[in-house]
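# Give me a model of this one.
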Amino acid sequence: MDVMLLITSSLLFLAILVIFIGLGRAVRHVTYVTLADGRRSERSLPLTIRMVLPFCLFIPKFITGLDAFEETRERLGRKIVSAGFEGLVKPHEVIALRLLMPAGPGLLFCLLMYLCFPYMPDNIGRAFQEGQFVIYAVILVAFGFLPDSWLARSIRKRHKSIERALPFVLDLLTLAVESGLDFMSGIQRIISHREIDPLGEELIRVFREIQVGRTRKEALKNMSARVDHVDIRAVTNALIQADELGSGIAHALRVQADQIRVKRFQRAEKMGNEAPVKLLFPLMAFIFPSVFLILLGPVILQMWIRGGF
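Residues are numbered from 1 along each chain as shown. Below you'll find the model as predicted:
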């Protein structure tokens, strides 16, 4: 019995040690994506994604590459590009993450039950009778939604950055075009004098695509498909239409910049109008009880001491 306890403790210690070593490596690991001009830009993956991503190699590709997942892979591929992680994470790896996220905690839970409880079948039967496994199953299934939640947050963050920078970039591009520069020279001036942000990365890619032989229309359409944002779609459509009609793009750029500013002001006004409604719950749940306790707490305590209750 002492030998079995020693072996079990040693295995548990080794498992915990391996987990902490992997956690330390995942924390120190830095990931990069290569931009269109050859430069590298840092991308931060969540700690859970970084820890589980190497284990995606153990999921056979014939599972994640099934024809039933074809539409899912295409949709995930578009989301990965919109989030800015193209070349860093692949669609079949996101599908593998969906499978591994619930499996890892589930296997760890079973291992702890086996090591810590000598009568595992009795504990499992009791857990089934008490309905505890339903709670465990719901928690494990929730882990499977972490990759999709991470992609959605990354897309929202990237879109917000583009929304903030787009009016100023359009103003700079309008000034460059009105001063006598062509479209390509204006983009080159902008990307060379601005810090690299999500919108700058997309402009770099547009510039490189036009350089290698694509038309302006194709490059703008590709940017609109990659970003998948309503403001970028409106700007690219206006530029394509101005190019097809042969009119100057300076006027189209100025009109789009003004419209985007108006839309941004409307979004800010909408958020300001929604603030009182969002503050209602914390006001009722925390502030009013605190004021009640501060004002009436001493009175209630004195009445309690004197036997008034």
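
# where are the low-confidence patches of this structure?
Along the chain, segments meeting pLDDT under 70 span 1-9, 11-13, 15-30, 60-68, 104-140, 307-309.

# can you list the domain ranges for it.
Using automatic domain parsing, the domains assigned to the chain come out as 2-144, 155-264.

# Figure out which of the ones you listed is closest to L293.
Closest approach to L293 among the domains of the chain (C-beta to C-beta): domain 2-144, 33.4 Å. Glycine gets a C-beta too; all of them are placed from N, C-alpha and C.

# any chance of the domains of the chain in TSV, with mean neighbour count and distance to N273 too?
Converted to TSV, these look like this (neighbours: other C-beta atoms under 10 Å; distance: least, C-beta to C-beta, whole Å):
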stretch	mean neighbour count	distance to N273
domain 2-144	14	29
domain 155-264	17	15
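
# Tabulate these (CSV), appending distance to R306.
CSV is the format used below for those (distance: least, C-beta to C-beta, whole Å):
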stretch, distance to R306
domain 2-144, 46
domain 155-264, 57
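
# how about the ones you listed, which one is nearest L295?
Among these, the nearest to L295 by C-beta to C-beta is domain 2-144 (40.2 Å).

# just checking, next helix/strand downstream of the helix or strand hosting K270?
Per DSSP states H and E: K270 is located in helix 249-282. With elements assigned by DSSP H and E, the helix or strand that comes after helix 249-282 is helix 288-305.

# Quick one: distance of that next one to the chain centre.
Centroid separation between helix 288-305 and its chain, computed with C-alpha atoms, centre = their mean, to the nearest Å, is 45 Å.

# And stretch 223-238, by the same measure?
The answer for stretch 223-238 is 20 Å, by C-alpha atoms, centre = their mean.

# from what I can see E86 touches T34, true?
No - E86 is beyond contact range of T34, at 9.3 Å (criterion: C-beta atoms under 8 Å).

# sorry, back to before: the helix holding K270 - contacts with which helices or strands?
For helix 249-282, the packing partners by 3 or more C-beta pairs under 8 Å, 6 or more residues apart in numbering; DSSP states H and E come out as helix 146-178, helix 230-245.

# As a markdown table, those with distance to I190 would be great.
Shown next, in a markdown table, are these (distance: least, C-beta to C-beta, whole Å):
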| stretch | distance to I190 |
| --- | --- |
| helix 146-178 | 5 |
| helix 230-245 | 14 |
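
# any idea of the angle the helix or strand hosting L76 forms with helix 146-178?
Counting by DSSP H and E, the element that carries L76 is helix 70-83. If you take axes from the mean of the first three to the mean of the last three C-alpha atoms, to 10 degrees, helix 70-83 sits at 50 degrees to helix 146-178.

# Check what contacts stretch 167-185 and list those residues.
Stretch 167-185 has contacts (C-beta atoms under 8 Å, 6 or more residues apart in numbering) with 186-187, 189-190, 194, 199, 203, 207, 210, 216, 235, 248-250, 253-254, 256-257, 260-261, 264.

# same deal with stretch 82-98?
With C-beta under 8 Å, 6+ apart, stretch 82-98 has contacts from 31-34, 43, 45, 49, 52-53, 56, 59, 61, 64-65, 69, 72-74, 76-77, 80, 144, 146-148, 151, 154-155, 158, 198, 201, 226-228.

# one step back: can you tell which of the domains of the chain is closest to P289?
Of the domains of the chain, nearest to P289 by C-beta to C-beta is domain 2-144, at 29.4 Å.

# got the contact list for the closest residue to A83 other than its chain neighbours?
Distances taken as C-beta to C-beta, 6 or more residues apart in numbering put S154 closest to A83, at 3.8 Å, once the chain neighbours are dropped. Contact analysis of S154 by C-beta under 8 Å, 6+ apart lists 83-85.
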